[in-house]
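# here is my input; please provide its structure:
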Amino acid sequence: MKALRYQGCIVQGQMVPLREHSSIIQAGRAQFQEGEIVDVTEEKHVRRRTLKQNARMWKLLGIFVDDWGWERDEAHDFCCEKFLDPVVHELPDGTRVQVRAGTKHLNVSEMSEFMDRIERWLTIDQGVHIPADGVK
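Sure, this is the predicted structure:
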């Protein structure tokens, strides 16, 4: 399946591609033949997690590493398994498979909820004291 993905914005009711995507668009459109019908999907842009959120997450996961002796990736995988819903993908034959979710594609709101779940679990279920000004 051919696909071309780029960002744009609505200006006076028209989709206008972002200027920095123009070379991607030109190269991508070359894969389609003149007159070929294509499907177009427009979605609202969702802001992905911030660098500050990412830093806070790794500080929370540092409790697993520094205090409990876990490996960094083990802590991340455990929390993703425990606190995120699995992602469902469909294979070309129609089979649906579930995979463990990760944090890479979380938006700002989802990342906040993920970290809040970890923090609640650490404080309530594990008795870890997290200072009011944040993790260590």
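
# for burial, what's the neighbour tally of Val65?
As a burial measure, Val65 scores 16 neighbours (other CB atoms under 10 Å). In short, each C-beta sits where N, CA and C put it, glycine included.

# give me the pLDDT for the residue lying closest to it once chain neighbours are set aside.
Distances taken as CB to CB, 6 or more residues apart in numbering put Arg72 closest to Val65, at 5.5 Å, once the chain neighbours are dropped. Note for Arg72: predicted pLDDT of 95.

# check Asp133 too.
68.

# mind listing what's buried along the helix or strand bottoming out on mean pLDDT in the chain?
Scoring the helices and strands of the chain by mean pLDDT, DSSP states H and E places helix 22-29 at the bottom, with a mean of 81. Residues of helix 22-29 include none that count as buried (16 or more other CB atoms under 10 Å).

# packing partners for the following helix or strand past it?
Next helix or strand after helix 22-29 toward the C-terminus (DSSP states H and E): helix 51-62. When contacts are defined as 3 or more CB pairs under 8 Å, 6 or more residues apart in numbering; DSSP states H and E, helix 51-62 sits against helix 72-83, helix 108-120.

# quick one: closest of these to Ile10.
Of all the helices and strands packed on helix 51-62, helix 108-120 sits nearest to Ile10, with 21.5 Å by CB to CB.

# Glu119 touches Ile130, doesn't it?
Yes. Assessed by CB atoms under 8 Å, Glu119 is found in contact with Ile130 at 6.0 Å.
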